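Novice: how would this look folded up:
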Amino acid sequence: MMDDPIQIAAKDLANTQKVVALTGAGISVESGIPPFRGKGGLWEKFDPMEYAHINAFMKNPAKVWNVLIKEMKEIIDKAKPNDAHKGLARLEDLGILTTIITQNVDGLHQVAGNTDVIEFHGNFAWQRCLDCGSRCETAKIDVTRIPPRCECGGIYRPDCIFFGEMIPPQHLYRSEKVASNCNIMLVVGTSARIQPAASIPVMAKQAGAKVIEINTERTPLSEKISDYIILGKAGEVIKRLTAEIERLKNLNPI
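Specialist: Residues are numbered from 1 along each chain as shown. Reported below is the predicted structural model:
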């Protein structure tokens, strides 16, 4: 009897389409990007209300740039997609995965090759001018002058949301729509404790989707929402999962 959860998940995924993934900080930790919350998170080093609230930024952008944004830029500039990002991109290539909903702001899903990524909290890989609205890749921002400025003279800010700002309603709407229409939802590396992202798998389940969870520990979804959980690091699990799907599809092409 097949009881390996990776084999079970591979069989489920290899025989379906319209799969949506919800990803959280756990998928990017393996690329060297620390989480915001929890042990080792950025909020252990910085008070989010002092450095990550929109009011704090607008009051003193130089302070926020010097303490928080500059450090995040250095981290994300060095980060590369890991096996989890690459595996999800491969699932899209195979015609299985259609959309990723991510709580991360590092842009690594796109770098890996995924083409439909809903970024709940925006994307730190880009900066936006407060005055003219033009965008510039964070990697190209000159931080010898803080705060960095656009050619028009306006101050650059990360193209992601601060505390005190709303999730773009179009992102929430699309997330709810794809979740309600998917056959399987992969939940990868998220604590499933922060709303509204935590409600997305619930919505998928209520619409009839199977929910497969990949995480290093159990979450509030594990008991009643997830059909099953694969415990382990995202990169290792998804690499094995993708390899098994490829084996199954070669043996039993759909």
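Novice: got the buried residues for stretch 126-137?
Specialist: If you call a residue buried by 16 or more other Cβ atoms under 10 Å, then stretch 126-137 has these buried ones: 126-130, 136. C-beta here means a position set from N, CA and C on the backbone, and glycine is covered the same way.
Novice: which residues sit in contact with the spatially most central residue of the chain?
Specialist: For the chain, the residue sitting closest to the mean C-alpha position, by Cα atoms, centre = their mean, is residue 102 at 3.0 Å. Residues near residue 102 by Cβ atoms under 8 Å, 6 or more residues apart in numbering: 22-24, 109, 117-120.
Novice: quick one: it from residue 133, how far?
Specialist: Residue 102 sits 23 Å away from residue 133, going by Cβ to Cβ, to the nearest Å.
Novice: could you do residue 16 as well?
Specialist: Taken as Cβ to Cβ, the spacing of residue 16 relative to residue 133 amounts to 41 Å.
Novice: residue 187 too?
Specialist: Computed as Cβ to Cβ, the residue 187 to residue 133 distance reads 34 Å.
Novice: any weak-confidence spans in the stretch 1-150 of the chain?
Specialist: Counting by pLDDT under 70, the low-confidence segments of the stretch 1-150 of the chain come to 1-3, 36-46.
Novice: repeat the analysis, applying 50 as the threshold.
Specialist: Residues of the stretch 1-150 of the chain meeting the criterion pLDDT under 50: 1.
Novice: burial of the closest residue to residue 189 other than its chain neighbours, as a residue count?
Specialist: The shortest distance from residue 189 to any residue that is not its chain neighbour, by Cβ to Cβ, 6 or more residues apart in numbering, is 2.5 Å, and that residue is residue 26. Per other Cβ atoms under 10 Å, the neighbour tally for residue 26 reads 21.
Novice: now do the one helix or strand residue 26 maps to: everything it contacts.
Specialist: With secondary structure defined by DSSP states H and E, residue 26 is part of helix 25-28. Contacts of helix 25-28 with the rest of the structure, by Cβ under 8 Å, 6+ apart, involve 33, 35-38, 79, 82, 84-85, 103-104, 106, 108, 188-191, 215-216, 234.
Novice: which strand residues bridge the residue lying closest to residue 109 once chain neighbours are set aside?
Specialist: The shortest distance from residue 109 to any residue that is not its chain neighbour, by Cβ to Cβ, 6+ apart, is 4.7 Å, and that residue is residue 117. Judged by DSSP bridges, the bridge partners of residue 117 are residue 100.
Novice: residue 117 and residue 27: what is the separation?
Specialist: Taking Cβ to Cβ as the criterion, residue 117 is separated from residue 27 by 12 Å.
Novice: quick one, which of these two is more surrounded?
Specialist: When neighbours are counted by other Cβ under 10 Å, residue 27 comes out ahead of the other of residue 117 and residue 27, with 32 against 19.
Novice: which residue packs closest to that one, ignoring adjacent ones?
Specialist: The spatial neighbour of residue 27 that comes closest, neighbours along the chain excluded (Cβ to Cβ, 6+ apart), is residue 189 at 3.9 Å.
Novice: give me the number of residues near the one you found?
Specialist: Tallying neighbours of residue 189 according to other Cβ under 10 Å, which is how burial is gauged here, yields 28.
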